[in-house]
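Visitor: A predicted structure for the sequence below; I have some questions about it.
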Amino acid sequence: MLQRSLEGLLLEGLQTSNVDIIRHCLRTYATIDKTKDAEALVGQVLVKPYIDEVIVEQYVQSHPNGLQVMYNKLLEFVPHHCRLLREVTGGAISSEKADMVPGYDFLVNSVWPEIARGIEERLPSLFNPGNPDIFHQKYSISMDFLRKFERQCGSQASVKRLRAHPSYHSFNNRWNLPVYFQIRFKEIAGSLESALLSHVEETANESAFCLRATNVLWNCLSACWSDHIYLPLLAHRFYKLTLQLLSRYCVYIKELSACATADGSVTESKSLPTRGKEESASLSSEDQQTGLAADAQMSALSTRQLILIVADINKIMEKLPELIEVIKVKLNKIGFKNMEIIKGALEDLSSSLSEPLSTINNKISMDLGESCLIYFKSALEVPRLYRRTNKEIPTKPSSYVESALKPLFQLQHDYGNKVKVQTRQEWLRGALSECTHK
């Protein structure tokens, strides 16, 4: 009987905005150890009708910003309808301690449970991860709403109680982040594997990279940490995927190098660094070690292709610090500070990526030298042309000299903006050394 009277009196106080009645009722509830009943009453009578009116799935789905509008209306509930309750219980900054009734947390025990219930029951499609872009957008908006709701709590203790509440955990657990990541993994890893099937195809548009495979790799690495794909709770998984992508590219480059330089020359019997479509989304270390399609026949790698491979290896190594900075910013936001581990793993992969450079550079120098040497053989004819003849002593270089040096000049002209000066000079020295030794 007493509890029914209290319920009626509390409702009257809320409807008439009578602070004295509200304070008296809440103190009485606290005296008889029924604070939970008061919070439950507020949730059912005051919060639930508002929540059921605001959370309408049809509205959310039919309006472009329907979800954001819904969350904004939910956030308006506390300042508009809980002001007196917060003032009386100390949930508001302006509350006077002398008149405060302790022991209540209406935001945590009345408002939030009804919001979580309303969303889970009346908006079940919100948590569907089938479309990763839409899922990411909805999740990001929802987490932003959750942060704003936490800021409405009157204290850090209230925030801790909110985060420990079963309905808080239930709401967060409804977001199937592992499924979302698996979809993204297949998208990102699959696009890289598809690009690797293109062998050494050049990029079709303006890009910082020469080869399509490298361009796609960088796009994949950037995607892992982009604002429209990355999620803080999946940071560890996206970091692992980053390492897997780079590791996969290292294997691809090493196999290209092995194919191009087997037995000191290019051979058509070596297999292409490609994979079957059924393996296209797998980046496990086991797959990397088993090799690639054994029956695939490769076309000879030209000197140009080898040069572009070197250019892209150097470019990736040059741009990795940019990626490290992007990762650092993301991880700092979630409180991760040990960047030396992150940086060290990426630098190890960078070192692994550079390992084939020496072999490829030697092959390029050898090919250039052979291109020049063909013309230098004409030097053997010079004594015969001038022996026992009345020809004048030559004052200009023979035509074969210009032809012999043409590949070296062409190298400087065609790849001056793609390959570092130091690397080009190394190739030139190697090519000339190849010629003089033969």
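Guide: Perfect, I can see it now. Numbering: from 1, shown residues only.
Visitor: what packs against the host helix or strand of Ser142?
Guide: Counting by DSSP states H and E, the element that carries Ser142 is helix 132-151. Applying 3 or more C-beta pairs under 8 Å, 6 or more residues apart in numbering; DSSP states H and E, one finds that helix 132-151 makes contact with helix 66-81, helix 156-164, helix 177-196. C-betas here are computed from N, CA, C, even on glycine.
Visitor: if I look at Ser17, how far off is Glu114?
Guide: 21 Å (C-beta to C-beta, to the nearest Å).
Visitor: between these two, who's got more neighbours?
Guide: Remark: of Ser17 and Glu114, Glu114 carries more neighbours, 23 against 10, as counted by other C-beta atoms under 10 Å.
Visitor: can you pull the pLDDT of the more buried one?
Guide: pLDDT recorded at Glu114 is 97.
Visitor: now swap in Thr359 and tell me
Guide: 87.
Visitor: repeat that for Val159.
Guide: 96.
Visitor: what's the neighbour count on it?
Guide: Val159 has 17 nearby residues by other C-beta under 10 Å.
Visitor: list the residues that contact it.
Guide: Glu150, Cys153 (C-beta atoms under 8 Å, 6 or more residues apart in numbering).
Visitor: which other helices and strands does whichever strand or helix holds Ser350 contact?
Guide: Following DSSP H and E, the helix or strand that holds Ser350 is helix 339-354. On a contact count with 3+ C-beta pairs under 8 Å, 6+ apart, helix 339-354 meets helix 235-261, helix 303-333.
Visitor: quick check: buried residues in the shortest one?
Guide: In terms of neighbour count (16 or more other C-beta atoms under 10 Å), helix 235-261 has its buried residues at 235, 237-239, 241-242, 244-257, 259-261.
Visitor: with the last one instead?
Guide: Using 16+ other C-beta under 10 Å as the test for burial, helix 303-333 gives 303-317, 320, 323, 326-327, 330-331.
Visitor: please apply the same query to stretch 140-155.
Guide: Ile141, Ser142, Phe145, Leu146, Phe149, Glu150, Gln152, Cys153, Gly154.
Visitor: the bottom helix or strand of this protein by mean pLDDT?
Guide: Every helix and strand of the chain was ranked by mean pLDDT, DSSP states H and E. The lowest is helix 285-289, at a mean of 46.
Visitor: just give me the neighbour total for Glu121.
Guide: Neighbours of Glu121 (other C-beta under 10 Å): 11.
Visitor: hey, C-alpha coordinates of the strand or helix carrying it in CSV?
Guide: Glu121 belongs to helix 112-122 when assigned by DSSP H and E. These are the backbone C-alpha positions of helix 112-122, laid out as CSV (Å, rounded to 0.1, in the frame of the first residue of the first chain):
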residue,chain,number,x,y,z
TRP,A,112,19.9,3.6,-20.6
PRO,A,113,18.3,0.2,-20.2
GLU,A,114,15.1,1.4,-22.0
ILE,A,115,17.2,2.9,-24.8
ALA,A,116,19.1,-0.3,-25.2
ARG,A,117,15.9,-2.4,-25.1
GLY,A,118,14.2,-0.1,-27.6
ILE,A,119,17.1,-0.2,-30.1
GLU,A,120,17.5,-4.0,-29.8
GLU,A,121,13.8,-4.8,-30.1
ARG,A,122,12.5,-2.1,-32.4
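Visitor: for it, packing partners?
Guide: Using 3+ C-beta pairs under 8 Å, 6+ apart: helix 112-122 touches helix 48-54, helix 166-173.
Visitor: which of those helices sits most buried?
Guide: helix 48-54 (a mean of 16; mean count of other C-beta atoms under 10 Å).
Visitor: tell me what that helix is packed against?
Guide: helix 66-81, helix 112-122.
Visitor: helix, strand or coil for Met130?
Guide: Residue 130: Gly, not Met. Reduced to three states with DSSP: H, G, I helix; E, B strand; the rest coil, the structure at Gly130 is coil.
Visitor: how many residues are close by it?
Guide: Gly130 - counted by other C-beta under 10 Å - has 10 other residues nearby.
Visitor: quick one: it from Tyr180, how far?
Guide: 10 Å.
Visitor: Leu233 touches Asn176, doesn't it?
Guide: No: using C-beta atoms under 8 Å, Leu233 is not in contact with Asn176; the gap is 11.6 Å.
Visitor: for Ser350, what are its contacts?
Guide: Here Ser350 is in contact with Ile316, Met317, Leu320 (C-beta under 8 Å, 6+ apart).
Visitor: same thing but 7 Å
Guide: Met317, Leu320 (C-beta atoms under 7 Å, 6 or more residues apart in numbering).
Visitor: and the pLDDT at it?
Guide: Ser350 is given a pLDDT of 94.
Visitor: against Ile313, how distant is it?
Guide: Taking C-beta to C-beta, one finds Ser350 at 10 Å from Ile313.
Visitor: next: Leu14.
Guide: 70 Å.
Visitor: Trp218: how many residues sit nearby?
Guide: 21.
Visitor: before we move on, what SS does the closest residue to it other than its chain neighbours have?
Guide: Leaving aside its chain neighbours, Trp218 sits nearest to Phe209 (6.5 Å; criterion: C-beta to C-beta, 6 or more residues apart in numbering). Phe209 falls in the coil class when you classify it by three-state DSSP.
Visitor: neighbours around Phe209, how many?
Guide: 21.
Visitor: and the strand or helix carrying Gln58, what's buried?
Guide: When elements are assigned from DSSP H and E, Gln58 belongs to helix 57-62. For helix 57-62, the neighbour count (16+ other C-beta under 10 Å) marks Val60 as buried.
Visitor: oh, and call the first residue 608 from now on, that's how I've got it
Guide: Right, with 608 as the first residue, what we last looked at is helix 664-669.
Visitor: who are the packing partners of that helix?
Guide: helix 673-688 (3 or more C-beta pairs under 7 Å, 6 or more residues apart in numbering; DSSP states H and E).
Visitor: still on that earlier bit, so what's the gap between the helix holding Ser957 and the chain middle?
Guide: 17 Å (C-alpha atoms, centre = their mean, to the nearest Å).
Visitor: what is the subsequent helix or strand relative to that helix?
Guide: Assigned by DSSP H and E, the successor of helix 946-961 is helix 964-983.
Visitor: just want the angle from that following helix to helix 842-868.
Guide: Put simply, helix 964-983 runs at 30 degrees to helix 842-868, going by axes from the mean of the first three to the mean of the last three C-alpha atoms, to 10 degrees.
Visitor: residues near Glu813, how many?
Guide: 5.
Visitor: what does Glu683 give?
Guide: 12.
Visitor: report pLDDT for it.
Guide: 96.
Visitor: re the thing from before, got a list of what the residue nearest to Trp825 touches?
Guide: Thr810, Asn822, Trp825, Asp919, Lys922.
Visitor: reformat the residues you listed as CSV; add pLDDT.
Guide: Shown next, in CSV, are those (pLDDT from 0 to 100):
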residue, pLDDT
Thr810, 86
Asn822, 95
Trp825, 97
Asp919, 94
Lys922, 94
